[in-house]
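K.L.:
I'd like to go over a predicted model; first the sequence, then the structure.
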Amino acid sequence: MRDPATSSVPRTRKTWQCTKRRGGCTGGGWLPAKHRAYARGVDIVDFLSERITEDEAVARTLLGDRTVSQSGAWYEHRLLLECEAKRRLIRIVESARQAALASLVSDTVQDAGWIPQSLEWLEQSLNALALPYYDHPDFDQDWLRT
């Protein structure tokens, strides 16, 4: 697999079936494209929300496993906090993006020159949050181009 920071990753039109065990996707194999969770052109906020929900589910499952060590439990608690931090950041970015778009179409804006650059920064922020999921079949390669 190629490094997402330097090149594009080959994509497939299939998706995987995941279990909640560490290591992620096992056992189920590949599903046909008609069973994909998203249509082409998925919104990055929807994509991130789904991945964060999956991360939380895995962390909660492992926290309930009595065989997980104390250091493993610490990591899983940390993962849950990271998921919450990502959700908060997405809400902040989305609020700013909606405010900028509303200002752009408003008749009362006198100097809208800052809005396109702000929208670009907001988009780059969301793209950066998606980077850890570059190997997911629903990941849009355009999100790497920031």
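P.N.:
That came through fine. Keep in mind that what you see is a predicted model, and the values were worked out from it rather than measured. Numbering: from 1, shown residues only.
K.L.:
contacts and neighbour counts: CA atoms only from here.
P.N.:
Will do.
K.L.:
So which bits of the longest helix along the chain are buried?
P.N.:
Determined from DSSP state H, the single longest helix within the chain is helix 70-105. Residues 73, 76-77, 79-80, 83, 86-87, 90, 93-94, 97, 100, 103-104 are the ones in helix 70-105 that count as buried (16 or more other C-alpha atoms under 10 Å).
K.L.:
Show me which pair in those residues is furthest apart.
P.N.:
Largest separation among the buried residues of helix 70-105 by C-alpha to C-alpha: 73 and 104, giving 46.4 Å.
K.L.:
three-state assignment of residue 66?
P.N.:
At residue 66 the chain is in coil, as set by DSSP: H, G, I helix; E, B strand; the rest coil.
K.L.:
Please work out how many residues are found near it.
P.N.:
9 (other C-alpha atoms under 10 Å).
K.L.:
just to revisit the earlier point, by contact count, what packs against the longest helix of the chain?
P.N.:
Where contact means 3 or more C-alpha pairs under 8 Å, 6 or more residues apart in numbering; DSSP states H and E, helix 70-105 is packed against helix 44-63, helix 114-130.
K.L.:
looking at those, which one has the lowest mean pLDDT?
P.N.:
Mean pLDDT is lowest for helix 114-130 among the helices and strands packed on helix 70-105, at a mean of 90.
K.L.:
Specify the angle between it and helix 44-63 in degrees.
P.N.:
30 degrees (axes from the mean of the first three to the mean of the last three C-alpha atoms, to 10 degrees).
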